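Visitor: after the sequence you'll find the predicted model.
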Amino acid sequence: MLAQDAVNSGDTAWVLVCTGLVLFMTPGLAAFYGGMVRTRNVLAMLQQNIVALGVVSLTWVLVGYTIAFGDDAGTGLFGNLELFGLTDLRVPPAPHLHVVASQVTIPTLAFVAYQMMFAVITPALVTGATAGRLKFAGWVAFLAIWSIVVYAPIAHWLWHPDGWLARFGTQDWAGGMVVHASAGAAVLALLLVVGRRRNWPHTAAPPNSIPLTILGAGILWFGWFGFNGGDGLQANGVAAQAVINTHLAAAAGLLVWLVAERVKDGHSTVVGSVSGAVAGLATVTPAAGYVNAVSAIAIGAIAGIVCHTALRLKYLLRLDDALDVLAVHFVGGMLGSLLLGFFGNSGTNPLGKDGLFFGGGGSLLWHQIVGVVAVVAFSFVLSWAIAAAVQAVIGLRAPVDVQENLDQTQQDTGAYHLSGVAGLSGTGGPQRRRDTGQDRGPERPPRTGQQVRLVTATVNPTLLPTTRELRDALLGAGATSIVVSDATVSTAEPGGARSLPRGYWQDQDLVDRARVEVMVEQTAVSAVLDVLSRYGADRSESFVQDVQLATDVR
């Protein structure tokens, strides 16, 4: 690799920091999605996102980068393979590559690393739509192929100076088309291949950990400053404008989404807050370095209302998009790309063009429409072909009978554990630690030969501050053995249980509960039932049975 004549340390430092910020977005996306799936599919969701860091990083270095940013092969469709494996980086990025005004002042490898993180997170967006339905091996195969065959050529079209859409005049600052529209089109294709979850849309799947989702959204918001702020590859006024535009659009999207929720459903939810923010972030992405601050606020506000309305899109299309990737990312990416045709302002960035609202006429809007249609059509067709091939060869869709418990099936463990309650046995109270003499609670006398009963009930897990509290309360009431397990029960009345997971109400025909089985002597049955009722157990739906201990069997 030849030395670059002029390397600006400030520009280089800024791009490297932005590289780290965009990398951080992938575990942020994993947490964002992981909090919104069912309890027994959390690890599978986290794994599907994290594995992209390994798979796509290698495909990018080996062949993805040269297809995206190698010298054009002559058609404007893809680069040649001279940079395969980064073995011969003879020149730094072309002087006008992407959106750089003068000469590029960063090392080529800084550019390679920065663009790598975009390649990593783009297919990871898909996993939110297919939650609970992907075989791990099939997903890894799809990731590797898609990052080469779909993502890299689209990046070449728009972000290489000789790409056909770049020459045509289509603009995409940080990935409204390259990232969000291409991933959204892939979602459409994959949903056709992997199909729907069992009982969708009649069984709701409320988030298992809203705090985890909020944490993930915060990481995404933070990382998006690098996602949009570094695309000029320089630490200058355009970068500052892109950063402030990113934040303002997210803020506007957040507030408008909350208002839409309040008007439509009577509630403004915290999940709605972060959904609106992410919608604003995705929508401003293609325009962040080309518009002024007021335009960014308008784009974010439009995103809040349009993306919220688009939540119904999956029902109209009969596509089981589990976490609304179509509404937030697909619609947001396309919307932002088109809005640039209205709000583009060359006064913000000399490399930009004026849109309809700034005297530029309809030329830029036409270029944006062509770009959106081309990217969506290309990604959809090839994504369907790749998904169908993977499904036929090694399988992409997880079997229906394991879809509700992918964590155990794929990883042989669970994300959450009941910390000492499940399978707990004893004599009605915690035993004294003989090695330290520490008293963990009062000892109860052994069984006196009274008739043993088995009390079975279902409790509401949301009413349990800690599982230890339930254990201590039951032991205090006289329980001699406790088993707690996950359960799904039918609601007492149709439509009697409802959730508002993301801007629309869902009737829950089946809801999550904890099944509690307690061994207790006859005299303590009433006390145990009283404890269980405090945690949502209905006596009319609880059972008390005579049992015979295995030790009494002759």
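Guide: It's in.
Visitor: show me where the stretch 101-250 of the chain has its helices.
Guide: 108-124, 136-146, 152-159, 164-168, 182-194, 210-229, 237-265 (DSSP state H, counting those that start in this stretch).
Visitor: quick one: the ones you listed as JSON lines, columns for mean pLDDT and distance to Ser346 too.
Guide: (Each C-beta comes from the backbone N, C-alpha and C, glycine too.) Below are the helices of the stretch 101-250 of the chain laid out as JSON lines (pLDDT from 0 to 100; distance: least, C-beta to C-beta, whole Å):
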{"stretch": "helix 108-124", "mean pLDDT": "95", "distance to Ser346": "25"}
{"stretch": "helix 136-146", "mean pLDDT": "97", "distance to Ser346": "35"}
{"stretch": "helix 152-159", "mean pLDDT": "96", "distance to Ser346": "19"}
{"stretch": "helix 164-168", "mean pLDDT": "95", "distance to Ser346": "17"}
{"stretch": "helix 182-194", "mean pLDDT": "97", "distance to Ser346": "27"}
{"stretch": "helix 210-229", "mean pLDDT": "97", "distance to Ser346": "19"}
{"stretch": "helix 237-265", "mean pLDDT": "96", "distance to Ser346": "12"}
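Visitor: out of these, nearest to Leu339?
Guide: helix 237-265 (10.4 Å; C-beta to C-beta).
Visitor: name the helices or strands packed onto that closest one?
Guide: Secondary-structure packing of helix 237-265 (3 or more C-beta pairs under 8 Å, 6 or more residues apart in numbering; DSSP states H and E): helix 210-229, helix 270-284, helix 293-309.
Visitor: out of those helices, deepest packed?
Guide: helix 270-284 (a mean of 28; mean count of other C-beta atoms under 10 Å).
Visitor: just give me how far that one sits from the chain centre.
Guide: Centre-to-centre, helix 270-284 and its host chain are 12 Å apart (C-alpha atoms, centre = their mean, to the nearest Å).
Visitor: next, the angle from it to helix 293-309.
Guide: 120 degrees (axes from the mean of the first three to the mean of the last three C-alpha atoms, to 10 degrees).
Visitor: follow-up on the earlier one: let's have the helices of the stretch 101-250 of the chain in JSON lines, adding distance to Asp320.
Guide: What follows is these, written out as JSON lines (distance: least, C-beta to C-beta, whole Å):
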{"stretch": "helix 108-124", "distance to Asp320": "19"}
{"stretch": "helix 136-146", "distance to Asp320": "17"}
{"stretch": "helix 152-159", "distance to Asp320": "26"}
{"stretch": "helix 164-168", "distance to Asp320": "32"}
{"stretch": "helix 182-194", "distance to Asp320": "6"}
{"stretch": "helix 210-229", "distance to Asp320": "19"}
{"stretch": "helix 237-265", "distance to Asp320": "21"}
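Visitor: wait, which of those is closest to Leu46?
Guide: helix 210-229 (9.8 Å).
Visitor: show me the shaky parts of the protein.
Guide: Across the chain, the ranges flagged by pLDDT under 70 are 1-5, 89-104, 203-204, 417-450, 462, 464-467, 488, 490-512, 550-554.
Visitor: tell me which stretches of it form strands.
Guide: Ranges of strands within the chain are 424-425, 452-459, 479-490, 498-499, 506-507, 510-521, 543-546, based on DSSP state E.
Visitor: cheers, nothing more for now.
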